[in-house]
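[1] With the sequence up front, the predicted model follows.
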Amino acid sequence: MPKRDRFGIHRTIEQVSFELMRLVITAAFEQKDRKMEFLESARVSAEVLKRFIRMIHELNIIPLNAYFELESDLQEISKMTNGWIKYLAAAQ
C-alpha cells in the first residue's frame, strides 16, 4: 500500500475496524437489555467499513483478490451481527 494511502484512508479504515471490534466485545460483556445499542452501532460501523473497502478497491489501492477476501469477511460480520440483533429482538 502506498505511503499516502497508509496514512490517509488506511488509517481511517483501521480506526473503524478497531471501533467495530470494541463495540462487539462490549456487547458480548453487557447485560442482555443493553446489548442492542452496541450491536446497532456495530452494524453501522460494519456498513461504513464495507463502503471504505469498496472505495479503496475502486481507487485501485488494493488488488482484486484482497478486496474479495475483505468483502467476504465483512459480509460474514454483518450476517453475524444482524443475527445477534434478531435473536435479541425476538427474546424481548
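    That came through, no problem.
[2] Pull the contacting residues for Met21.
    Shown in contact with Met21 (CB atoms under 8 Å, 6 or more residues apart in numbering): no residues. C-beta: built from backbone N, CA, C; applies to glycine.
[3] Quickly find the element holding it.
    helix 9-29 (DSSP states H and E).
[4] next structured bit after that helix?
    With DSSP H and E, the next secondary element past helix 9-29 is helix 35-58.
[5] Now do that next one and helix 9-29, the angle between them.
    Put simply, helix 35-58 runs at 160 degrees to helix 9-29, going by axes from the mean of the first three to the mean of the last three CA atoms, to 10 degrees.
[6] if we can go back for a sec, buried residues in the helix holding Met21, which are they?
    Neighbour counts over helix 9-29 (16 or more other CB atoms under 10 Å) mark 9-10, 13, 16, 19-20, 23-24, 26-27 as buried.
[7] Now do the biggest helix by length in the chain: distance to the chain's middle.
    With secondary structure taken from DSSP state H, the chain has its longest helix at helix 64-91. Chain-centre distance of helix 64-91: 8 Å, with CA atoms, centre = their mean, to the nearest Å.
[8] go on, stretch 39-59?
    That offset, for stretch 39-59, works out to 6 Å (CA atoms, centre = their mean).
[9] And for stretch 83-92?
    For stretch 83-92 - counting by CA atoms, centre = their mean - the centre lies 19 Å from the chain centre.
[10] Return the set of buried residues in it.
    84-85.
[11] Ok, stretch 71-80 next?
    74, 77-78.
[12] Is it possible to get CSV of the residues you listed that adds distance to Tyr87 and pLDDT?
    Listed next are the buried residues of stretch 71-80 as CSV, based on distance: CB to CB, whole Å; pLDDT from 0 to 100:
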residue, distance to Tyr87, pLDDT
Leu74, 20, 96
Ile77, 16, 96
Ser78, 15, 96
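[13] Just put the residues you listed in JSON lines and tack on distance to Leu39.
    Output for the buried residues of stretch 71-80, formatted as JSON lines (distance: CB to CB, whole Å):
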{"residue": "Leu74", "distance to Leu39": "16"}
{"residue": "Ile77", "distance to Leu39": "12"}
{"residue": "Ser78", "distance to Leu39": "11"}
